[in-house]
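In: Below: sequence and its predicted model.
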Amino acid sequence: MATYSYSRVSTDRQADEGESLGAQQRTVEGYALMSGMTVDHAYVERGVSGSKPLGDRPEGAKLLAALKPGDTVITPKLDRMFRSALDALDSLAKLKEMGASLHMIDLGGDVTGNGISKLVFTILSAVAEAERDRIRERISDVKRDQRERGRYLGGSVPFGFRLGGDGALVPHAPEQAAIIRMRELRDDGRSLRAIAEAIQAEGLEISHVGVKKVLAAAEARDSR
């Protein structure tokens with residue numbers, strides 16, 4: 001069984017000066033001494049952003065590759081090792097599954113194998129769920145903005161458009177004219193089947209279900 005430490009600074013300046021790394025390593029060494037452990041190897045991440053998952057960092061990847069059941073990892077703070085609570089929660093579950101333990105000094109010590117563990121996982125789960133919600137909101141906002149700017153979001157290209165070289169939806173004149181015709185016929189009280197038959201007679205293949213979707217999409221665009 002081996003004991004490893006992990007510390008990180010996010011800027012080259014901090015790495016060159018060594019002050020932040022030095023403080024982190026002294027904290028780890030003091031904790032290890034009080035806990036009766038000896039650090040066998042220190043993984044030090046210099047000038048690496050915390051936005052990268054642990055496994056995508058040079059030293060983080062080496063640490064994960066070296067870990068075996070029964071090993072211990074000590075890190076001074078959660079944000080030195082993980083990019084988010086969601087990342088931490090996922091990584092902690094994997095460490096527990098493989099039988100390795102993680103001591104996060106700022107959270108009170110061993111977060112994978114003692115009484116602190118349940119509390120830490122409960123807190124991280126709540127924070128991680130909030131992060132998931134924020135991610136979903138950001139994705140939704142981006143997609144809404146792209147829709148408003150006529151960007152293609154995947155799936156079938158909507159009737160009335162073609163996909164341009166830059167990923168934007170480009171109006172297709174014959175189908176745009178057909179959309180106008182569908183709306184006129186609908187305003188005249190025609191049924192969906194009658195509208196589909198009329199459009200088919202003008203040379204475009206579309207079913208009554210397709211007409212319904214096209215009209216709904218046109219109304220949605222008008223309401224923005």
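Out: Good, I have the coordinates.
In: From now on I want contacts and neighbour counts done on CA atoms only, so please keep to that.
Out: Fine.
In: following the helix-or-strand element of the chain with minimal mean pLDDT, which helix or strand comes up?
Out: Of all regular secondary-structure elements in the chain, judged by mean pLDDT, DSSP states H and E, the least confident is helix 12-17 with a mean of 51. Beyond helix 12-17 in the direction of the C-terminus, DSSP states H and E gives the next helix or strand as helix 19-34.
In: so what's the backbone phi/psi at S5?
Out: Geometry field for S5 lists phi and psi as phi -120, psi 150, criterion degrees, to the nearest 10.
In: er, S51 actually
Out: Backbone geometry at S51, expressed as degrees, to the nearest 10, gives phi -70, psi -20.
In: Spit out the contact partners of it.
Out: Neighbour list for S51: R83 [criterion: C-alpha atoms under 8 Å, 6 or more residues apart in numbering].
In: got the contact list for M81?
Out: Applying C-alpha under 8 Å, 6+ apart, we find M81 in contact with 6-8, 50, 54, 75.
In: Go again with 7 Å.
Out: By C-alpha atoms under 7 Å, 6 or more residues apart in numbering, the contact list for M81 reads 54, 75.
In: Also K96?
Out: When contacts are counted by C-alpha under 7 Å, 6+ apart, K96 is found next to T112.
In: Would you verify that it is located in a strand?
Out: No - under DSSP: H, G, I helix; E, B strand; the rest coil, K96 falls outside any strand and is assigned helix.
In: Model confidence for it, exactly?
Out: You'll see K96 listed with a pLDDT of 85.
In: try the one 10 residues further on
Out: You'll see D106 listed with a pLDDT of 83.
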